[in-house]
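Participant: Any chance you could fold what I've pasted below:
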Amino acid sequence: DKLLFKHDQPYTDNSSVCSGCGRGYKYFIFKNTCVIEEERPKFTCYHTHGIDFNKDAAGTHPNCGHCIYEETFEEGRLVAVSRMCVGRQCVSYEHVFDGNGQNRICCSGDLCNENKQTASDHFAAEDAME
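Facilitator: Reported below is the predicted structural model:
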């Protein structure tokens, strides 16, 4: 996933560098405007479903925009835990009412979805929480 935005100055130079773009950015020229392409960080996330979790045996998924740690409750009991990889957007939420529902924590960091605490420690603040 890439974030694209226009540089605030028109591109008028024939050189290969837009002035003010800075290092670490890719860019291209479109209609005499420098368009900057910012690479978003990618993470490796655990990819499992089930309450029993062994990080040494757990599957992982590379190149994720965010990791998810998700809990499912029924009648006040934890009945399922999922660890997943998602792309650019992720919304954390707390939807457990009267002991039933799901909580989701989106996190940004390699293997941050190991457990609820590690996911909370790497909470993806740029994403909304319902």
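Participant: ok, S108 to K42 distance?
Facilitator: 10 Å (CB to CB, to the nearest Å). Bear in mind the C-beta positions are built from the backbone N, C-alpha and C, glycine included.
Participant: Which one's more surrounded, those two?
Facilitator: Ranked by neighbour count (other CB atoms under 10 Å), S108 and K42 place S108 first, with 20 against 13.
Participant: distance of the more buried one from T118?
Facilitator: 12 Å.
Participant: Please apply the same query to G99.
Facilitator: Taken as CB to CB, the span from G99 to T118 is 25 Å.
Participant: Which one of those two is surrounded by more residues?
Facilitator: Between G99 and T118, counted using other CB under 10 Å, the more crowded position is T118 (17 against 10).
Participant: and the nearest residue to the more buried one once chain neighbours are set aside, what does it touch?
Facilitator: With sequence-adjacent residues excluded and distances taken as CB to CB, 6 or more residues apart in numbering, T118 is closest to C112, at 5.5 Å. Listed by CB atoms under 8 Å, 6 or more residues apart in numbering, the contact partners of C112 are 43, 45, 67, 118-119, 121-122.
Participant: pLDDT below threshold where in the protein?
Facilitator: 1-39, 124-130 (pLDDT under 70).
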